[in-house]
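Peer 1: Sequence first, then the predicted structure:
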Amino acid sequence: MRRVTDVTKYAIAIALIGTAILPVSVCASSDVDLAEAKQCFRCHSIEADRTLRSPSFQSIARKYGGQDATGAQRAKLSQTIRKGTPEKGGYHWGRMAMPSPDLRPVISDAEAARLTHWILNLR
Ligand code: HEC
């Protein structure tokens, strides 16, 4: 019986710690959830570049200077996230284009802007 009580206390303590940490991490993890839901990880990873396939989100962040990216660059990245890259070969990363939206989940302007912001902060 005593054991159970201790376990319960322990569980409550963990739950409380979890709640305390949550506000800090909630933003980042829900951005990951959004990327997951929009199937970004089918091709991209956060850290590892997949040669000839897709740049990692960290490489994209580095290329555009992370948080120093200009408004025009952000707009273009958001556009790419929504519409894909225009043709095979894409802009510069590899041999593959990022597919158009009819092959992927629909992404709103606001979601694309949020993903762009998240990616640029990964640097
Ligand atoms: C089917 C594979 C695939 C999926 C799914 C995919 N991408 Fe891409 N993405 C690519 C490829 C390939 C490129 C590089 C194209 C090129 O060479 O320009 C790319 C390029 C990009 C770029 C632009 C890089 C630049 O320099 O302009 C961004 C930003 C990006 N992807 C974000 C995303 C996000 C966010 C998602 C999810 C909503 C996503 N991608 C889903 C394959 C994919």
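Peer 2: Perfect, thanks for sending it. Keep in mind that what you see is a predicted model, and the values were worked out from it rather than measured.

Peer 1: surely Pro99 meets Gly84?
Peer 2: Yes: assessed by C-beta atoms under 8 Å, Pro99 is found in contact with Gly84 at 5.1 Å. C-beta coordinates here come from the backbone N, C-alpha and C atoms, glycine included.

Peer 1: who's more crowded, those two?
Peer 2: The neighbour comparison of Pro99 against Gly84 (other C-beta atoms under 10 Å) goes to Gly84, with 17 against 13.

Peer 1: who's in contact with that one?
Peer 2: Residues near Gly84 by C-beta atoms under 8 Å, 6 or more residues apart in numbering: Ala97, Met98, Pro99, Ser100, Pro101, Leu103, Arg104.

Peer 1: now Cys43
Peer 2: Contact partners of Cys43, counting by C-beta under 8 Å, 6+ apart, are Arg50, Arg53, Ser54, Met96, Met98.

Peer 1: Tell me the residues of the protein that contact the ligand?
Peer 2: The interface of the chain toward the ligand, taken as C-beta under 6 Å from any ligand atom, is made up of 35, 38-40, 42-44, 53-55, 60, 63, 77, 80-81, 85, 90-94, 96-99, 104, 107, 115, 119.

Peer 1: just the buried members of the residues you listed?
Peer 2: Taking 16 or more other C-beta atoms under 10 Å as the criterion, what is buried in the residues of the chain next to the ligand is 35, 38, 40, 44, 54-55, 60, 77, 80-81, 85, 90, 93, 98, 104, 107, 115, 119.

Peer 1: Keep only those of those residues that are in helices.
Peer 2: Taking DSSP state H as the definition of helices, these contribute Ala35, Ile60, Leu77, Thr80, Ile81, Leu115, Ile119.

Peer 1: Can you lay out these as JSON lines showing pLDDT?
Peer 2: Formatted as JSON lines, those follow (pLDDT from 0 to 100):
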{"residue": "Ala35", "pLDDT": "95"}
{"residue": "Ile60", "pLDDT": "92"}
{"residue": "Leu77", "pLDDT": "93"}
{"residue": "Thr80", "pLDDT": "89"}
{"residue": "Ile81", "pLDDT": "91"}
{"residue": "Leu115", "pLDDT": "97"}
{"residue": "Ile119", "pLDDT": "96"}
